[in-house]
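Enquirer: Would you be able to build a 3D model of this:
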Amino acid sequence: MIQRIQTVYFFFVFCLMAIVAVFPFALSRTGAAGAGMVAVLAIIAIFLYKKRKLQIMIGYLMLFLLAMIYVLYFIFDRPCLSFPELFRSMRYTFVFPFIAVIFVYLAIRGIKKDEKLVRSPDRLR
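Expert: Predicted coordinates:
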């Protein structure tokens, strides 16, 4: 489990989203619930290392939720703020969901590589 690189990527996603859940990336707590959900899914995905297809599906669900965090922020928080206030309301954790998207993508790519490696002996028969 720990020797797979995607486990490390999912752990990084968990750490980043736990920080966002505790310290939200804007003055409002719009993305805190979504970040907490992504953190829980990352831990679940770590322990599903034997079920690669399910792990990939959870990864895609995490990508969707991470995109929704930004969409909800720009729908609900941005219209009430003017442009200068928008940047003052953001915190350093605003980029954490984007970094998590990159790590989830790398994890999915690693899982697909493992799946291909496992399926390669079946082609020889």
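Enquirer: Spit out the contact partners of Gln6.
Expert: Gln55, Leu106, Ala107, Ile108, Gly110, Ile111, Asp114 (CB atoms under 8 Å, 6 or more residues apart in numbering). (C-beta placed from N, C-alpha, C; glycine too.)
Enquirer: secondary structure element for the fifth one?
Expert: Take DSSP states H and E as the rule and Gly110 turns out to sit in helix 96-119.
Enquirer: which among the contacts of Gln6 gets closest to Ala32?
Expert: Ala107 (22.7 Å; CB to CB).
Enquirer: by contact count, what packs against the helix holding Gly110?
Expert: Applying 3 or more CB pairs under 8 Å, 6 or more residues apart in numbering; DSSP states H and E, we find helix 96-119 packed against helix 5-22, helix 32-47, helix 52-76.
Enquirer: can you list those helices in CSV and add mean pLDDT and distance to Thr93?
Expert: Output for those, formatted as CSV (pLDDT from 0 to 100; distance: least, CB to CB, whole Å):
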stretch, mean pLDDT, distance to Thr93
helix 5-22, 92, 5
helix 32-47, 90, 9
helix 52-76, 89, 11
